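Asker: I would like the atomic coordinates for the input below:
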Amino acid sequence: MRAQAIATEISEDDYLREVRHQHFWKTLEHFVRKASFSFPRNRQCLILDVACGDAEEAVVLNCFFGSGIYCIPTLEAKVYGVEQSEKKVRMARANLDRYCPASFAAPFNLVSNCELVQGDARELSQMGSLPEKVDFILVRHPHIREDRDKRDTNWQRIFSECLQKLDPNGLFMITSFIEMENELILSTLSGLPARVLINELNPHAIPLIHNDPIAGDKWVTLVKRIQR
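Answerer: Numbers count the residues shown, from 1 in each chain. Reported below is the predicted structural model:
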């Protein structure tokens, strides 16, 4: 009865967010474990979410790389979100202040283990508030198709900055909506010190519309930095 009462209090937006979270969790579980990611020992796991938007993924990233249990946040992982838009950074901070996944029994404040940085992802190495190296980097749905003419100067630079931030044992994950974006991502990575470990269709992708070929996280690319 209590579970039913809690469920009736969840808004449609919260329900859809929870569905997206569960699919993203399954995506991480499937691909990160398949890539044999080495979780750091005796220290926090550091995660960088590039172009994080409203930081919707923050709680999932924290739980996955921290406790390893869905909807159990922990201080064992810290998420850094980088976003260029001041408006989106404000939205993200508001979300972190009040966000509570539908399956939580009580609210959890994510501010203590998620730091938001407003800035240009082409200049990650210049952001003093970011750690020198991180264990996992996420670039989710980069607008690489809309930026084709400037791909070499923009996304190649962003991916290069990400690789510089990546710990030698770290993992860089890029997702895309459609195959053409995935091909552009691979092309952009080809001139960088990057070794593609996995590049596959995601069995846990969510179609944006029923039977739509465009899907959230449809293609997943996992990369290691080549040490030179």
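
Asker: do you know how far Leu77 is from Gly68?
Answerer: Actually, residue 77 is Ala. It isn't Leu. Plainly put, Ala77 is 9 Å away from Gly68 if you go by C-beta to C-beta, to the nearest Å. In short, each C-beta sits where N, CA and C put it, glycine included.

Asker: Identify all contacting residues around the longest helix along the chain.
Answerer: When the chain is parsed with DSSP state H, its longest helix is helix 12-34. Under the criterion C-beta atoms under 8 Å, 6 or more residues apart in numbering, residues 10, 56-57, 59-61, 63-64, 70, 101-103, 136, 171, 173, 175, 198, 200, 202-206, 216-217, 220, 222 lie in contact with helix 12-34.

Asker: Mind checking which of Ala77 and Gly68 has more residues around it?
Answerer: Ala77 (24 against 13; other C-beta atoms under 10 Å).

Asker: where do the strands sit along this protein?
Answerer: 45-50, 77-83, 114-118, 134-140, 166-176, 194-201, 206-207, 215-216, 219-225 (DSSP state E).

Asker: what lines up beside the second one in the sheet?
Answerer: To tie it back to what came earlier, the one meant is strand 77-83. Sheet pairing of strand 77-83 (DSSP bridges) gives strand 45-50 (parallel), strand 114-118 (parallel).

Asker: Any idea which residue is closest to the centre of this structure?
Answerer: Residue closest to the mean C-alpha point of the chain, counted by C-alpha atoms, centre = their mean, is Leu138 at 3.9 Å.

Asker: for this protein, which spans come out with low pLDDT?
Answerer: Within the chain, the ranges that satisfy pLDDT under 70 run 1-10, 98-112, 146-152, 209-212.

Asker: same thing but at 90, please
Answerer: Counting by pLDDT under 90, the chain shows low-confidence ranges at 1-20, 54-56, 59, 67, 69-75, 91-114, 143-154, 191, 206-215, 227-228.

Asker: and Lys87, how many residues sit next to it?
Answerer: With other C-beta under 10 Å as criterion, Lys87 counts 9.

Asker: and the gap between it and Arg122?
Answerer: Counting by C-beta to C-beta, the separation of Lys87 from Arg122 is 20 Å.

Asker: Could you check the angle the longest helix of the chain makes with strand 134-140?
Answerer: Interaxial angle of helix 12-34 relative to strand 134-140 (axes from the mean of the first three to the mean of the last three C-alpha atoms, to 10 degrees): 130 degrees.

Asker: Give me the buried stretch members for helix 12-34, please.
Answerer: Applying a neighbour-count criterion of 16 or more other C-beta atoms under 10 Å, one finds 17, 20-28, 30-32 buried in helix 12-34.

Asker: Next, the residues that contact stretch 74-84 from outside, please.
Answerer: 44-53, 55, 58, 61-67, 89, 92, 110, 112-121, 124, 127, 129-131, 134.

Asker: now with 6 Å?
Answerer: 44-50, 52, 55, 58, 61-62, 65-67, 89, 113-117, 120-121, 130 (C-beta atoms under 6 Å, 6 or more residues apart in numbering).

Asker: Tell me the buried residues in that stretch?
Answerer: Buried residues in stretch 74-84 (16+ other C-beta under 10 Å): 74, 76-83.

Asker: I'd like those laid out as CSV, including distance to Asn154.
Answerer: Formatted as CSV, the buried residues of stretch 74-84 follow (distance: C-beta to C-beta, whole Å):
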residue, distance to Asn154
Thr74, 35
Glu76, 34
Ala77, 29
Lys78, 27
Val79, 24
Tyr80, 21
Gly81, 19
Val82, 15
Glu83, 16
